[in-house]
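S.K.: structure for the following, please:
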Amino acid sequence: MGAERGWGFGSLHRVDSSNDLYLIDGDAALVRLTTVDSDGEYPTISADLALAPFLSDTPLDVSVTVTSVHDPSHREALWELEDAFERGDLISVFGRCTVSYEGRAASDLGAGDRLLVLKPDGAALVHTDEGRQPVNWQPPGSEHRVAVRGGQLRVRSTRANPDETLTVRFSDVHQLSAMAVTGGRDLTLHGSEEDLRTRILERPELVEPGFEPRETERPSSAGPMDVFGVDVDGTPVVVELKRRRVGPDAVGQLARYVRALREELGAGEGEDTPAVRGVLVAPSITDRAAERLAERGFDHVALEPTAEE
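M.R.: Next up, the predicted model:
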């Protein structure tokens, strides 16, 4: 939407733009967009808009971020989807539908309430109310098309190589939303084992006073050790890092690293085998893990991956 002109009616303000009407509350905090039909009615709330503070008779920069339509007809849903495809929006459609796939195999899902997500990169995902994985999907690079056929809203996602088609036929559309999503594509992971490693390297005393890190990802016959160092007495220390609460399996992993280092530094088990300490660093451990640590003479240091603010 471009800049529009508005005028006030009590606590509401009105902005006209072609066939659309915008109603703005007195503080300009929320805008409802309604589509004007041929009879002059306003049946469908289809967007929340973000506005700069409203001044009567002052041009407004109206930025539509979300379009949401409740219980649209098939034809209304068709128009909304075509517009959303043109804008490159992220789209969700919830309703009663069947799903079919043709390509390297074939599959069909009978009628049911499902959520269809259409992404501007061409990906399509069909979700039910269970699990985190879609029950059917198309990868990025597919092309979305919509039509009304046989009294149903038909949404197709196709790609040419390999030749695959995902078809979703809606008998009823309960909710359709289109969102202009920008940015936020780069994931920054917080609270990782790498964060924990960084904390220890910057402040070795968090493990224990006098601890001196010597190497990270030190190779051994049991695999790379998270942190290898020595204590205040010069005794080798293997530090295993975990970013969340752990059980006995983590103790077993630490034991394999300690055993491998003992074998490397000595000549097998026995009185002449050098002492090697094991330290498990994790926010918390189970009771069984604590028992296993005590049995092996290992230590636990309770430490979060990131420092509390």
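S.K.: correct me, but residue 264 touches residue 218?
M.R.: No - contact between residue 264 and residue 218 fails when scored by C-beta atoms under 8 Å: they sit 10.0 Å apart. Placement of C-beta: from N, CA and C, glycine included.
S.K.: would you mind measuring the gap between the ends of stretch 215-227?
M.R.: Its first and final residues considered, stretch 215-227 spans 6 Å by C-alpha to C-alpha, to the nearest Å.
S.K.: that one: how far from the chain's middle?
M.R.: Taking C-alpha atoms, centre = their mean, to the nearest Å, one finds stretch 215-227 lying 31 Å from the centre of the chain it belongs to.
S.K.: buried set for that stretch?
M.R.: Going by neighbour count (16 or more other C-beta atoms under 10 Å), the buried part of stretch 215-227 is 216, 218, 220, 222, 225-227.
S.K.: relative to residue 210, which of those residues is nearest.
M.R.: Taking C-beta to C-beta as the measure, residue 210 lies nearest residue 227 of the buried residues of stretch 215-227, at 14.9 Å.
S.K.: nearest spatial neighbour of the closest one, skipping sequence neighbours?
M.R.: Leaving aside its chain neighbours, residue 227 sits nearest to residue 239 (3.9 Å; criterion: C-beta to C-beta, 6 or more residues apart in numbering).
S.K.: any idea which element that neighbour lies in?
M.R.: strand 236-241 (DSSP states H and E).
S.K.: which other helices and strands does the next helix or strand after that strand contact?
M.R.: Next helix or strand after strand 236-241 toward the C-terminus (DSSP H and E): helix 248-265. For helix 248-265, the contact count by 3 or more C-beta pairs under 8 Å, 6 or more residues apart in numbering; DSSP states H and E identifies strand 225-230, strand 236-241, strand 277-282, helix 287-296 as packing neighbours.
S.K.: and the contacts of helix 248-265?
M.R.: Residues outside helix 248-265 that contact it (C-beta atoms under 8 Å, 6 or more residues apart in numbering): 220-223, 225, 228, 236, 238, 240, 242, 269, 273-274, 276-280, 282, 285-286, 288-289, 292-293, 296, 298.
S.K.: cutoff 6 Å now
M.R.: The contact list for helix 248-265, computed with C-beta atoms under 6 Å, 6 or more residues apart in numbering, reads 220-222, 225, 238, 240, 242, 273-274, 276, 278, 280, 288-289, 292-293, 296.
S.K.: going through those, which ones are buried?
M.R.: Going by neighbour count (16+ other C-beta under 10 Å), the contacts of helix 248-265 have 220, 222, 225, 238, 240, 242, 276, 278, 280, 289, 292-293 buried.
S.K.: ok, the residues you listed vs residue 97, which is closest?
M.R.: When these are compared against residue 97 (criterion: C-beta to C-beta), the nearest one is residue 242, at 43.2 Å.
S.K.: ok, and the closest non-adjacent residue to that closest one?
M.R.: Nearest residue to residue 242, sequence neighbours excluded (C-beta to C-beta, 6+ apart): residue 282, at 3.9 Å.
S.K.: do residue 147 as well
M.R.: Distances taken as C-beta to C-beta, 6+ apart place residue 154 nearest to residue 147, at 5.1 Å, with adjacent residues excluded.
S.K.: wait, the one you found touches residue 171, no?
M.R.: No - in this structure residue 154 lies outside contact range of residue 171 using C-beta atoms under 6 Å: 10.8 Å.
S.K.: those two: which is more packed in?
M.R.: Just comparing residue 154 and residue 171: by other C-beta atoms under 10 Å the higher neighbour count belongs to residue 154, 17 against 14.
S.K.: toward the C-terminus, what is the element adjacent to the helix or strand where that one lies?
M.R.: Under the criterion of DSSP H and E, residue 154 resides in strand 152-159. Following strand 152-159 in sequence order, the next helix or strand is strand 164-179 (DSSP H and E).
S.K.: can you give me the strands in the stretch 1-150 of the chain?
M.R.: Along the stretch 1-150 of the chain, counting by DSSP state E, counting those that start in this stretch, strands occupy 3-4, 6-9, 12-17, 20-24, 31-35, 45-50, 60-61, 63-70, 90-102, 106-118, 124-127, 136-138, 143-149.
S.K.: can you tell me how far the residue nearest to residue 244 when sequence neighbours are not counted sits from residue 242?
M.R.: Leaving aside its chain neighbours, residue 244 sits nearest to residue 283 (6.3 Å; criterion: C-beta to C-beta, 6+ apart). Relative to residue 242, residue 283 is positioned 8 Å away (C-beta to C-beta, to the nearest Å).
S.K.: do residue 209 as well
M.R.: Distance of residue 209 to residue 242, computed by C-beta to C-beta: 22 Å.
S.K.: try residue 290
M.R.: Distance from residue 290 to residue 242, by C-beta to C-beta: 14 Å.
S.K.: ramachandran angles for the residue nearest to residue 87 when sequence neighbours are not counted?
M.R.: Of all residues not flanking residue 87 in the chain, residue 180 sits nearest, at 6.6 Å (C-beta to C-beta, 6+ apart). Residue 180 adopts backbone torsions of phi -90, psi 100, taken as degrees, to the nearest 10.
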